[in-house]
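**Q** Just to be clear, the model below is a prediction. Sequence and coordinates:
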Amino acid sequence: MDLKNDSLISEFFILLGLANSWELEIFFFVIFFLAYASIMVGNSLIILMVTFDSHLHYTPMYFLLANLSFLDMTLSTVTVPKMITDFFREKKTISLWGCMAQMFLVHLLGGSEMSLLVVMAIDRYVAICKPLHYTTIMNRRILLGSVFLSWVVGFVHTMSQMAFVVSLSFCGPNVIDDVFCDLPLVMRLACTDTYILDLLVIADSGLLSLICFILLLVSYIVILVTVHHRSSGGLSKAMSTLSAHITVVTLFFGPIILIYAWPVNIYALDKFLSVFFAVITPLLNPIIYSLRNQEMKAAMIRLRSRHISSRPILEIMLMMM
């Protein structure tokens, strides 16, 4: 894309955001600022506990959970700070290459998280269905390789789309009716025909997320059926263990499937789903996974006793549990 040789090509996009009134902008600023702060504190605390607590550090599930928290923090950081600062701007703009970078990172992190959730489902299968071989199968080398592979999948996922998007020309309308840049809305502003690219996005982001979601649900059903055949009493315990994973998977994949695989585009719904994907899911994940988890609670108490200076934050988190 040669920006210097074509003065007609748009060098920035205008984001319409969530509201037009100043009162609502202030309200959303407070809500999103508090949400982002909670995302950073909650997920940082999980990473801190898994890193410094030996009981969690060598447990595969919590190692993967710490990586999920890192992805959630990074994904929110790519989108939410820009959204927060835009609430004070009458004209919410983003540069062309800033928009491209945002889309690249969103799909890199989103694709990596999608893959990591699959790894976490495998981890739960081994832990519940093959408990005696759990530490042997989910050893450190497998865990590190799985996390690395999830990043590779995310990179391939984003590059397979962005390699074509960066070659598009934007010489017409430059208004994006959303809170941050994303592929479907940006591609509609291109001067050239994007039909083939639309199909690629549906196949890559939409169909892939739908297939992964179905496979994950099937894996959970297989786990429950296996446990039920072994012991009827173990079914409730397995369901209790899997409920957090099923909730997180549904919250993560639901908006993605509706945005990328759903044929009908409703701008108000797309905005809500974008906010849900970037803010609500990373905010809820620490609560769903950790704040009702007795092992995490015990680790937080141990961490509090070792690090006196961080007690105020830890006291607040313990009150939430």
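**A** Noted; the coordinates are in hand.
**Q** Can you report how many residues neighbour Val153?
**A** Neighbour count of Val153, defined by other C-beta atoms under 10 Å: 18. (Glycine included, C-beta is placed from N, CA and C.)
**Q** what sits against the nearest residue to Pro60 once chain neighbours are set aside?
**A** Nearest residue to Pro60 in three dimensions, chain neighbours excluded: Met138, at 4.0 Å (C-beta to C-beta, 6 or more residues apart in numbering). When contacts are counted by C-beta atoms under 8 Å, 6 or more residues apart in numbering, Met138 touches 60, 123, 126-127.
**Q** Which members of the residues you listed occur in helices, if any?
**A** In helices, judged by DSSP state H, the following of the contacts of Met138 are found: 60, 123, 126-127.
**Q** would CSV of these with neighbour count and distance to Leu16 be doable?
**A** As requested, these are exported to CSV (neighbours: other C-beta atoms under 10 Å; distance: C-beta to C-beta, whole Å):
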residue, neighbour count, distance to Leu16
Pro60, 23, 44
Asp123, 23, 41
Val126, 19, 46
Ala127, 20, 46
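**Q** For the residues you listed, give me TSV that also has distance to Glu23 and pLDDT.
**A** Shown next, in TSV, are the ones in helices among the contacts of Met138 (distance: C-beta to C-beta, whole Å; pLDDT from 0 to 100):
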residue	distance to Glu23	pLDDT
Pro60	48	91
Asp123	47	91
Val126	52	89
Ala127	50	86
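**Q** Which stretches in this protein count as helices?
**A** 22-52, 54-57, 60-86, 96-129, 134-137, 140-165, 183-187, 195-201, 208-230, 232-260, 267-275, 281-286, 294-306, 311-320.
**Q** pLDDT averaged over the first one - what is it?
**A** Think helix 22-52. Averaged over helix 22-52, pLDDT sits at 91.
**Q** Show me how far it is from its chain's centre.
**A** Taking C-alpha atoms, centre = their mean, to the nearest Å, the mean C-alpha location of helix 22-52 is offset from the chain mean by 14 Å.
**Q** Show me which residues of it are buried.
**A** By 16 or more other C-beta atoms under 10 Å, the buried positions in helix 22-52 come out as 25, 28-29, 32, 35-36, 38-40, 42-43, 45-50.
**Q** Neighbours of Tyr134, how many?
**A** Around Tyr134 there are 17 residues (other C-beta under 10 Å).
**Q** any idea how far it is from Val126?
**A** Distance, Tyr134 to Val126, using C-beta to C-beta, to the nearest Å: 5 Å.
**Q** what's the answer for Ala35, then?
**A** Counting by C-beta to C-beta, the gap from Ala35 to Val126 is 34 Å.
**Q** Report the contact partners of Thr85.
**A** Taking C-beta under 8 Å, 6+ apart as the test, Thr85 contacts no residue whatsoever.
**Q** That one and Ile301, how far apart?
**A** Distance, Thr85 to Ile301, by C-beta to C-beta: 37 Å.
**Q** shaky segments in the chain?
**A** In the predicted model, the chain carries pLDDT under 70 at residues 1-10, 231-238, 240-241, 263-268, 290-292, 304, 306-321.
**Q** again, only using 50
**A** 1-8, 308-309 (pLDDT under 50).
**Q** Could you check how far stretch 205-225 is from the centre of its chain?
**A** Counting by C-alpha atoms, centre = their mean, stretch 205-225 comes out at 17 Å from the chain centroid.
**Q** buried ones in that stretch?
**A** For stretch 205-225, using 16+ other C-beta under 10 Å, the buried residues are 205-206, 208-210, 212-213, 216, 219-220, 223-224.
**Q** nearest to Phe148, of these?
**A** Relative to Phe148, the closest of these is Cys212; by C-beta to C-beta it sits at 18.4 Å.
**Q** how about the nearest residue to that closest one, chain neighbours excluded?
**A** Distances taken as C-beta to C-beta, 6+ apart put Met114 closest to Cys212, at 5.7 Å, once the chain neighbours are dropped.
**Q** likewise Thr158?
**A** Excluding its sequence neighbours, the residue lying closest to Thr158 (C-beta to C-beta, 6+ apart) is His107, at 3.7 Å.
**Q** Around that neighbour, count how many other residues there are.
**A** His107: 25 surrounding residues under other C-beta under 10 Å.
**Q** Likewise for Thr247?
**A** 14.
**Q** if I pick it, what's in contact with it?
**A** Counting by C-beta under 8 Å, 6+ apart, Thr247 touches Ile288.
**Q** And it, how far from Ile256?
**A** From Thr247 to Ile256 the distance is 15 Å (C-beta to C-beta).
**Q** Noted, bye for now.
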